[in-house]
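Visitor: The sequence isn't on hand, but the structure is:
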């Protein structure tokens, strides 16, 4: 019994130590294709983390604490809407990752499926703006 | 009166105690050793997203450096190719070279980016763009799960 418990302890300890890296997957291949970002007129929610930690949701400023709820509210009518997440250059990587985590947990689809979330690179965004003639992250005043 | 002749005590090493001690030492080392792609201790972002990379995937560590390059914040890069020990890179040119080697060898490999949470997004974005230009297709931004106490949550 003690031997078995000891082996289990070692197994669990070693299994925990050699766990794989987990995190946010980014498809860089998509960054070469501007068309992977939703074109104007298709259901999408554009979310940008600002340097002061506030958030723009479809161009409207939203307090950071309410950002995930605001995204969920905008996603509710559309089961296939894409969330496009970006951050201002001076925003921290940590702020973007945390907001992404909240959107993933809050923004589940009504049918239980996974919501598509795109994190474009700067080059991909610039290509999108050139192609469509508008910046979807621009603040609405 | 005949007393029994004293028999010599055989010289042996008490293996039972040795085995116990060895097991305790093994247990101690197992519990105190951590396997990581890099020994540099940095604070990575908190996120509950759970996409996993394969164990031993190539990994680039992006950490803040004390040195500054002009007005820009200085960064240091370390590289772990999944085979040998992690090592410091001289700069972005070295990173491009290492990523292109992996992309050439395994085009579908997932590369892990372990970036410090306080690094500016623009700098992480530049690293992603560099990796894309070097031929990388799949990248995983390494995060750690929030603790049960609600660490990282908004108030």
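Guide: Received the coordinates, thanks. On a predicted model such as this, the values are computed, not experimentally measured, just so you know.

Visitor: who's in contact with the residue nearest to the spatial centre of chain A?
Guide: By Cα atoms, centre = their mean, the mean C-alpha position of chain A lies nearest to residue A:100, the distance being 3.9 Å. For residue A:100, the set of contacting residues under the criterion of Cβ atoms under 8 Å, 6 or more residues apart in numbering or on different chains consists of A:24, A:85, A:117, A:119, B:47, B:49. C-beta coordinates here come from the backbone N, C-alpha and C atoms, glycine included.

Visitor: what do you get if the cut-off is 10 Å, keeping everything else the same?
Guide: For residue A:100, the contacting residues are A:23-24, A:47, A:49, A:68, A:83, A:85, A:87, A:117, A:119, B:45, B:47-49, B:141, B:143, taking Cβ atoms under 10 Å, 6 or more residues apart in numbering or on different chains as the criterion.

Visitor: What are the buried residues along the top helix by length along chain B?
Guide: As far as residue count goes, and with DSSP state H defining each element, the longest helix of chain B is helix B:15-32. Under the neighbour-count criterion of 16 or more other Cβ atoms under 10 Å in any protein chain shown, helix B:15-32 has nothing buried.

Visitor: Within its sheet, name the partner strands of whichever helix or strand comes after that helix and how each one runs.
Guide: Where DSSP states H and E defines the elements, the next helix or strand beyond helix B:15-32 is strand B:51-52. Strand B:51-52 has the following sheet partners, assigned by DSSP bridges: strand A:22-27 (antiparallel).

Visitor: Check which helices and strands whatever helix or strand comes next after the partner strand is in contact with.
Guide: Once strand A:22-27 ends, the next helix or strand along the chain (criterion: DSSP H and E) is strand A:44-49. Using 3 or more Cβ pairs under 10 Å, 6 or more residues apart in numbering or on different chains; DSSP states H and E as the contact criterion, the secondary-structure elements in contact with strand A:44-49 are strand A:55-57, helix A:67-75, strand A:82-87, helix A:93-106, strand A:117-118.

Visitor: can you rerun that using 7 Å?
Guide: Applying 3 or more Cβ pairs under 7 Å, 6 or more residues apart in numbering or on different chains; DSSP states H and E, one finds that strand A:44-49 makes contact with strand A:55-57, helix A:67-75, strand A:82-87, helix A:93-106.

Visitor: excluding its backbone neighbours, what's nearest residue B:127?
Guide: The spatially closest residue to residue B:127, leaving aside those adjacent along the chain, is residue B:62, at 5.8 Å (Cβ to Cβ, 6 or more residues apart in numbering or on different chains).

Visitor: Next, the contact list for that neighbour, please.
Guide: B:75, B:77, B:113, B:115, B:116, B:119, B:124, B:127 (Cβ atoms under 7 Å, 6 or more residues apart in numbering or on different chains).

Visitor: For it, pull up the helix or strand it's in.
Guide: Per DSSP H and E, the secondary structure element for residue B:62 is strand B:59-64.

Visitor: can you give me the angle that strand makes with helix A:93-106?
Guide: Put simply, strand B:59-64 runs at 120 degrees to helix A:93-106, going by axes from the mean of the first three to the mean of the last three Cα atoms, to 10 degrees.

Visitor: Would you list the strands that strand B:59-64 pairs with, along with their directions?
Guide: Each strand pairing with strand B:59-64, determined using DSSP bridges, is listed with its direction: strand B:75-80 (antiparallel), strand B:110-115 (parallel).

Visitor: about what we covered before: only whichever of the contacts of residue A:100 are buried, select them in PyMOL.
Guide: Those of those that meet the burial criterion (16+ other Cβ under 10 Å) are gathered into one PyMOL selection, given here:
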select buried, (chain A and resi 23+24+47+49+68+83+85+87+117+119) or (chain B and resi 45+47+48+49+141+143)
